[in-house]
Each structure stands twice: as structure tokens, then as C-alpha cells.
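Novice: let's see this in three dimensions:
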Amino acid sequence: MQKANQVDLNKIAIASGEELKPTSFPQLDNMSAAFLYDFIPRPKKLSPPEFVYIPLFPQEKLGDNYYTKALITITEWNALWEAGQLRPDFFPHGRDFPSELNLLKNHKGTNLYLIPDGKDVKYNAYIPLYHLIPYRTLIKNNLPAFKKGLWPPLAVSWTLDQFIRPDFGNCLSRAFAYHIWPLIDSSSRISAFSRDYPLKVLAHNLNFWLPYIVQAIEKRLKRLPLIAFENDRQRNKLESLRRRMPSNIHAGRPRRGGPVWVGEQEAWEVTKELIEIADRQGKLRAIIDAIRANHVEDDFSAIWSFPKEDFERKIYQKRSKIKVTFVELKETIPVHSSTSEVHENLLWEDFLGLLNIKERHIVICLRNGITKLGDIAKSLGYSNHSPVSKALSRIRMKAKAFLN
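Specialist: Residues are numbered from 1 along each chain as shown. As a prediction, the model looks like this:
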């Protein structure tokens, strides 16, 4: 019997076949509040979302009716997402709160979401972030490919405990950081940086991203149409409610439920919206710029990257040092010291010390019998002989001053 239940839950929870195609996976849905409410009060502006975890202990721990009431409270409260900070005033079943949840009445002015706190709390809390991640990234990080998620989270009698490993939170954090990294630093892979690199820590911080993805979801859900009136009685009742509402609150029919996003392409567009909101609300790009401007050696892993090279060049002043170039020559240039002979009235070693690296290359070419300007330019990779001609003029002046 237990084995049969296991198979049934796999079919309910885990995506397979056509559901895993990039055009279908990942997916996030919303359930209409019309299943619970005829009307919704909507403030003109929603407050930023906040989150509180509601314990779902076995019934015997907190009395026979706690578990059921907690399930009902979470479901009815979260379904009122459009009411936002008005929920403590509007929630119709406050009298049925379990005593442990009476504190919800005190959170007026807060756009509060309730997170079911069980063994699968890591999934419940981060549902919208989880369902941005492509299938291949989930598998790479040992995460199950759950079917479409539902936001806001509704408490259900069955849970996903059996699919949640002890390291689930770390795996999800790693997978999401990998997913969002190209929008944080498009020039380098996340593996190019150390574990403690501040931007890498930020990318892994699911709590930083959660409020911003919820705002992106709320914005998208507002595009869904309203449920039509079922009869004149509903229409008349709504008119009566509106007459009693303050000017900053608009009452109306609930919105339809439906998909928030479907497939990798749309999920990626939402991920970019997440970055924009995090920048607007949390000054994300200012944080990124500040971290990049203050790199330290410990920020980088052993893997090469452009930022690492730039950092090392800046630290060790590579730009101001002579670049050593190995050139294959037909005959070697003599090595001179303070006791070197004068060859054709010129101490080659001392004279070369006066030249920059490009000028040295030209002298080496002349020394090895390449005397035509076009041939020298071709040997050094110039498109024409003009740079060589100008450099020769400078070399003549330096040679004249040196010999004098």
C-alpha cells in the first residue's frame, strides 16, 4: 500500500514527458481567489511583501483543531494577495484564528504572506524562485523537477517531504545563483570567483531575491482579467460596498487564475524583470558596481577570468612593465655588459635600453637584414609602413643624441 502511494505522489508532484520540454518547463500558476471570495478590496498601492512562517505541527501537538485551522488560515489569507496590507482588516475569519496565530491581527499595513512551515518549508518559501530554474540546472544540482508551482502558497493536506533532502536549501541556493549569474556578471562564470566573493554570496541569498520576485509576480497577475458577475445580486452588493470604501481602496471581483509564466524563455524574461526590480527597490547595480570597484585577491578562484586578469594587472602594474616577447631570429643579437666591445661605434646594449619595445623590434629587424620598410611592417604585423617610418625617425634622433 505504501509503495502504491509513493507512485501516486510521484505522478502528482514530478514532471515527466512533455511537461519537461523547454516550452512547458518551468511553470508557475496562480489560483483565483474567486473560489473563496466574491469581492476583493484593492489598495491603490501595495506595500512591499513580507513573509512569516506558520508552523504545521501534527494535530496532537497543539490540540485537535490547530492543524486544520492553520491550513484554512494560510489558504484564505494568501488567496487575498491583491488586498495586500488590507488583509488584517478584511480577513473574514479572524475569529477562527488558532490562538497561536492571533498575532496576524496586529500586522496592519503589512503586505504579509504566510509560508507553511513543515519539512518542505524550503520549497514552500521559495516556490517562485524554484520555478524560474530550467530543468537541466535543477538536475545538475540534485533537485527534483516538480510540476508547475502555485503562488501564493496554499496549504494542502499532502506535502513534498519525501522529495526534500537534508541539503535541499543549499542545492536550491546553488542552482538559483547559477541561473541568475549571467545577469549579474556576463563577462565571467560564477566558478571564477571564490566562495566568499560578495556578489556570489548575494546571488546565493534567496531571502534577498524573494521580495523582488513576488513583486514581479504581483505585477504580472494584475494583467489577468476580472471574474464576471454571476448575477445582479453580486453587482448590486459590490456597488453598496464601494460606497462605503475609503477613496484609496477599490473593491471589485477577484481576478481569474492562470499561468504567471510558462517555459524557459518566459521564465528568463521574468528573471530579467527580477533584476530590474531589485535594482529599483534594492539598488542592486549600485551594490554590484561598489563590489567590483573594491576587488581583493581573495575574491577570485584559481580559474582565469577577465576580472581576475584586470585585477592582477592593476595590482602588479602590468601595464607599466615591459612585456617580454620571444622572437625567432636568424642570428642572435649580441649580449653586452659594461665591458662590452664597441661595435661600429655603437654599444648595442646601452642603446637598446633607450628604446621602447616597438622600437627595439624594428632595430632587431634591421640587425637581421630586414631593411625595407614594407618588410619590417609586415614582420611586425602592421597594415602599412607608416608606423615603422615614424618609429625610425624617433630612433635616428635617439641614436644621434646617444652618439653625441
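Novice: quick one, what contacts residue 287?
Specialist: By Cβ atoms under 8 Å, 6 or more residues apart in numbering, residue 287 lies in contact with residue 202. C-beta here means a position set from N, CA and C on the backbone, and glycine is covered the same way.
Novice: tell me if it really is in a strand.
Specialist: No: counting by DSSP: H, G, I helix; E, B strand; the rest coil, one finds residue 287 to be helix, located in no strand.
Novice: let the chain start at 5 from now.
Specialist: Sure thing, new numbering starts at 5, so read that last one as residue 291.
Novice: neighbours of residue 397, just the number please.
Specialist: 10 (other Cβ atoms under 10 Å).
Novice: could you do the one 3 residues further on as well?
Specialist: Summarising burial for residue 400: neighbours were counted as other Cβ under 10 Å, giving 10.
Novice: what's the spacing between it and residue 120?
Specialist: 84 Å (Cβ to Cβ, to the nearest Å).
Novice: spit out the contact partners of the closest residue to residue 213 other than its chain neighbours.
Specialist: The shortest distance from residue 213 to any non-neighbouring residue, by Cβ to Cβ, 6 or more residues apart in numbering, is to residue 133 (6.0 Å). Neighbouring residues of residue 133 by Cβ under 8 Å, 6+ apart: 176, 180, 210, 213-214, 217.
Novice: so which of these is the closest to residue 38?
Specialist: residue 217 (24.4 Å; Cβ to Cβ).
Novice: next one: that closest one from residue 289, what distance?
Specialist: 17 Å.
Novice: give me the more crowded residue out of the two.
Specialist: Shown here are residue 217 and residue 289; by other Cβ under 10 Å, residue 217 has more neighbours (25 against 14).
Novice: what about residue 277, which SS state?
Specialist: Relying on three-state DSSP, one would call residue 277 helix.
Novice: mind telling me what element the residue nearest to residue 213 is part of?
Specialist: Assigned by DSSP states H and E, residue 133 belongs to helix 131-134.
Novice: now that helix: average pLDDT?
Specialist: The pLDDT scores in helix 131-134 average 95.
Novice: okay, that helix in PDB with CA atoms only?
Specialist: Coordinates of the C-alpha atoms in helix 131-134 are reproduced here as PDB (Å, rounded to 0.1, in the frame of the first residue of the first chain):
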ATOM      1  CA  ILE A 131       8.400  28.500  -4.800                       C
ATOM      2  CA  PRO A 132       8.700  31.400  -7.200                       C
ATOM      3  CA  LEU A 133      12.500  31.300  -7.300                       C
ATOM      4  CA  TYR A 134      12.500  27.500  -7.700                       C
END
